[in-house]
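Please find the sequence and the predicted model below.
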Amino acid sequence: MSGIDEQTPRDVGAAGDGRSPLPPPAEDERAASWDAPPEPRVDEYATTFEPPPAPAPPPRRHSRNPVDRLTRGLPDPIRVTVDWIVTIVGAVAIVLLVKAFVINPYRIPSSSMEPTLHCAQPASGCEARFSDRVLANRFIYHLRDPERGEIVVFQTPEAAQIKCGAGGTFVKRLIGMPGETVEVRLERGEGYVYVNGRKLDEPYIDPARRSTEEFGPVKVPQESYFMMGDNRSQSCDSREWGSVPRDNLIGKVFATYWPPNRISFR
């Protein structure tokens with residue numbers, strides 16, 4: 001036997017340093033070592049959540065529409081019906097007022113203004129398939145005097161019914177002003193208009209449609225106008241039934257709106 005006494009070996013610590021092993025960690029220490037989310041913090045001042053109050057509706061405004069005021073209290077279907085009736089009646093009234101005092105459409109029924117304004121074939125002298133439809137400014141002669149060369153819509157004198165076999169509303173060109181002397185002179189068989197002895201420049205006349213007869217001279221009365229068609233050989237105008245009083249003038253033609261290929265302004 002050796003001289004060294006055999007001893008019972010000590011328990012070796014976790015670090016192998018010969019120390020006694022550490023006691024197991026406490027329960028709260030193990031919990032702290034986990035990666036668990038922290039418990040929510042309760043605010044002692046928090047109160048129960050309540051949604052924000054709904055905004056107050058805007059104050060109801062009273063309609064200024066007299067129809068709404070008159071139909072207030074009636075059932076909705078009746079109010080809608082009344083509103084539609086008033087709208088339609090108002091639209092019709094506006095159209096009638098515009099036609100009576102502002103603008104009115106007219107159709108060209110004869111060849112008296114060819115080739116400036118067309119009428120429909122197969123009428124004599126007409127060049128187009130459809131008659132031109134024009135617009136006349138009805139209020140312009142309340143603002144200013146008529147001017148030479150304008151195409152005018154007017155009511156014919158009573159003599160037109162006798163001389164032309166037709167009367168009513170005509171469309172012609174204004175040639176002679178109040179107090180002027182108008183005549184037609186033949187030059188190489190073609191009629192040319194002279195006003196106060198001076199030849200009138202008329203680029204709108206087709207040479208083939210000039211008058212073949214002399215006329216005048218005649219003096220245009222005051223407050224009256226001498227009218228002639230551009231198709232001089234087929235126009236029943238002031239050469240037949242005299243001048244047109246200013247009170248008979250309806251308006252100035254300022255546009256052609258039909259057919260589409262004839263749309264133009266004057």
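Received the coordinates, thanks. Numbers count the residues shown, from 1 in each chain.

ok, how many other residues are close to Ser238?
26 (other Cβ atoms under 10 Å). Placement of C-beta: from N, CA and C, glycine included.

residues touching Gly149, list them.
Counting by Cβ atoms under 8 Å, 6 or more residues apart in numbering, Gly149 makes contact with 173-174.

show me the contacts for Ser112.
170-172, 229-231, 234-237.

what does Ile263 give?
Contacts of Ile263 by Cβ under 8 Å, 6+ apart are 255-257.

Now rank those by neighbours and give me the top one.
Thr256 (19 neighbours).

Now do the same contact list for Cys236.
112, 160, 163-164, 166, 229.

and with 10 Å instead?
110, 112, 156, 160, 163-166, 170, 172, 229 (Cβ atoms under 10 Å, 6 or more residues apart in numbering).

of the residues you listed, closest to Ile78?
Phe170 (49.6 Å; Cβ to Cβ).

quick one: the residue nearest to that closest one when sequence neighbours are not counted and Asp237, what's the gap?
Distance criterion Cβ to Cβ, 6 or more residues apart in numbering; nearest residue to Phe170, sequence neighbours excluded, is Thr156 at 5.2 Å. Note on Thr156: its distance to Asp237, by Cβ to Cβ, to the nearest Å, is 9 Å.

mind listing what the nearest residue to Cys126 once chain neighbours are set aside touches?
Distances taken as Cβ to Cβ, 6+ apart place Cys119 nearest to Cys126, at 4.1 Å, with adjacent residues excluded. Contacts for Cys119 (Cβ under 10 Å, 6+ apart) come out as 107-113, 125-128, 130-132, 231.

Which of these fall within helices?
Among the contacts of Cys119, no member falls in helices (criterion: DSSP state H).

Would you write a PyMOL line that selects the buried entries of those?
Those of the contacts of Cys119 that count as buried under 16 or more other Cβ atoms under 10 Å are selected in PyMOL with:
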select buried, resi 108+110+111+112+113+125+126+128+130+131+132+231
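
tell me which of the contacts of Cys119 is nearest to Thr87?
Set against Thr87, the nearest of the contacts of Cys119 by Cβ to Cβ is Arg107 (29.6 Å).

give me the beta-bridge partners of that closest one?
Beta-bridge pairing for Arg107 (DSSP bridges): Arg133.

Pro217 and Val86, how far apart?
Pro217 sits at a distance of 59 Å from Val86 (criterion: Cβ to Cβ).

go on, Leu174?
43 Å.

Look at these two and report which has more neighbours.
Comparing Leu174 with Val86 by other Cβ under 10 Å, the one with more neighbours is Leu174, at 21 against 15.
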